[in-house]
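Enquirer: Sequence first, predicted model second:
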Amino acid sequence: MNNMNSSILQKIESYRSYMNNITVMPDFFIDRIIRLKSKEEFFEKLDEKSRFGGGSIRDISTVDVKGGNAVNIAYCLAKLGMKTSLFTIADDIGTSILKHVFSKFDEHKINLRITNGRHGHTTAFEFMSSGSSNSKVNVMVSDVGENVNFGPDRITSEEDLSILRNSDGVMVVNWGSNLKGSQLVEHVFRNSPKALHFIDPADIEYRKSDFLSTLNEISQFIDILSINENECNSLSSAIGYAPLIPNFETYTADDVKSAAKVLAEKIGISVDLHTRRGAAWSNGNEILFVHPINVEPKTLTGAGDSWDAADIVGYLAGLEPKERLLFSNACASLYVRNPYGEPPTMNEVVDLLDRISM
């Protein structure tokens with residue numbers, strides 16, 4: 001084990017020995033993942049069936065899994081051995097699914113705070129080849145259910161507020177699907193003064209100006225903004241800039257570094273930008289980039305959630321920026337190479353770091 005990997009492991013193990021809780025909210029979806037060779041082939045089949053008046057397209061690989069950014073992150077944190085509280089929404093069937101999914105973990109480390117309502121449903125199309133670079137992409141079609149109205153009123157009991165007060169980190173994710181997301185962010189961050197405050201907004205393209213306004217209004221409560229290429233360009237557009245990631249097939253590591261620094265400087269919040277080309281962190285002054293760990297992807301949906309889970313663990317464990325980005329990249333690479341979308345354990349991440357450093 002080299003010095004950096006030894007430092008990563010020691011810091012994380014030290015944190016796990018005294019950790020309190022990482023709180024994640026609010027979305028839960030049931031995902032149907034449809035894996036296809038390419039969008040062109042899929043559209044050809046749709047067109048053919050339409051011309052013949054309809055019918056079935058067979059021999060398509062599908063899988064139903066638990067989903068939602070918050071649920072995925074909470075599950076990833078649990079796999080890494082973290083004590084986690086999940087605030088979300090589900091009906092009776094969804095609640096049974098969540099209890100079953102998390103039943104494999106120590107009940108003293110997982111706290112499910114489920115309010116009654118209609119959870120979301122997503123159909124994710126994963127295209128194994130797209131564009132001239134043959135890059136793999138996923139496109140999601142969602143019914144967000146009552147995730148759209150998950151506001152402060154769902155986290156008001158004394159027990160709820162006690163969880164927030166005693167959290168090491170609080171993560172609010174998928175702001176883009178929640179029309180009460182801004183109120184929720186302010187409410188839970190105000191009520192968790194000792195916690196690291198982390199937000200990943202997911203797709204904000206149709207609400208990018210509103211999201212920028214939220215960042216400007218409550219920036220003093222936000223420690224970390226985690227985004228991908230799409231969200232980076234949506235935010236830069238809201239600011240009035242040209243796309244900071246200019247071309248999704250040819251952009252470079254320098255583009256990623258520049259984008260992170262420009263956004264962090266403009267909004268006054270530290271930015272973690274995770275992309276296919278690698279991950280960058282900037283506080284507006286400093287900038288650091290770590291290349292990805294190249295693997296053959298088997299799962300696309302949820303890769304950003306595994307990255308976020310590792311990222312906040314890295315912050316709370318006191319990892320240096322380079323250590324944290326490397327740790328997060330390793331966690332995400334193990335996730336995407338798993339055909340069942342199963343995130344790694346801490347031992348698996350450390351083992352991978354040892355192998356790539358040899």
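Expert: It's in.
Enquirer: which residues in the stretch 251-358 of the chain form helices?
Expert: With helices called from DSSP state H, counting those that start in this stretch, the stretch 251-358 of the chain shows them at 253-267, 303-316, 321-336, 346-356.
Enquirer: how about the ones you listed, which one is nearest Ser167?
Expert: Minimum separation from Ser167 across the helices of the stretch 251-358 of the chain (C-beta to C-beta) falls at helix 303-316, 10.1 Å. For glycine as for every other residue, the C-beta is placed from the backbone atoms N, C-alpha and C.
Enquirer: which other helices and strands contact the closest one?
Expert: Here helix 303-316 touches helix 3-18, strand 22-25, helix 69-79, strand 169-173, strand 196-200, strand 224-227, strand 270-275, helix 321-336, going by 3 or more C-beta pairs under 8 Å, 6 or more residues apart in numbering; DSSP states H and E.
Enquirer: Need those in TSV (columns: distance to Thr115).
Expert: Formatted as TSV, the helices and strands packed on helix 303-316 follow (distance: least, C-beta to C-beta, whole Å):
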stretch	distance to Thr115
helix 3-18	29
strand 22-25	10
helix 69-79	13
strand 169-173	16
strand 196-200	21
strand 224-227	25
strand 270-275	29
helix 321-336	28
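Enquirer: out of these, which comes closest to Glu217?
Expert: strand 196-200 (13.0 Å).
Enquirer: who does that closest one touch, helix- and strand-wise?
Expert: Strand 196-200 packs on strand 169-173, strand 224-227, helix 303-316, going by 3+ C-beta pairs under 8 Å, 6+ apart.
Enquirer: could I get the ones you listed as JSON lines with distance to Lys49?
Expert: Converted to JSON lines, these look like this (distance: least, C-beta to C-beta, whole Å):
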{"stretch": "strand 169-173", "distance to Lys49": "37"}
{"stretch": "strand 224-227", "distance to Lys49": "38"}
{"stretch": "helix 303-316", "distance to Lys49": "31"}
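Enquirer: got the contact list for the residue most central in space within the chain?
Expert: In the chain, the residue lying closest to the centroid (C-alpha atoms, centre = their mean) is Asp305, at 2.7 Å. Counting by C-beta atoms under 8 Å, 6 or more residues apart in numbering, Asp305 makes contact with Asn69, Asn72, Ile73, Cys76, Val173.
Enquirer: With Phe289 instead?
Expert: Applying C-beta under 8 Å, 6+ apart to Phe289 gives the contacts Ala253, Val256, Lys257, Gly278, Ala279, Ala280, Leu325.
Enquirer: I'm done for today, thanks for sticking with me.
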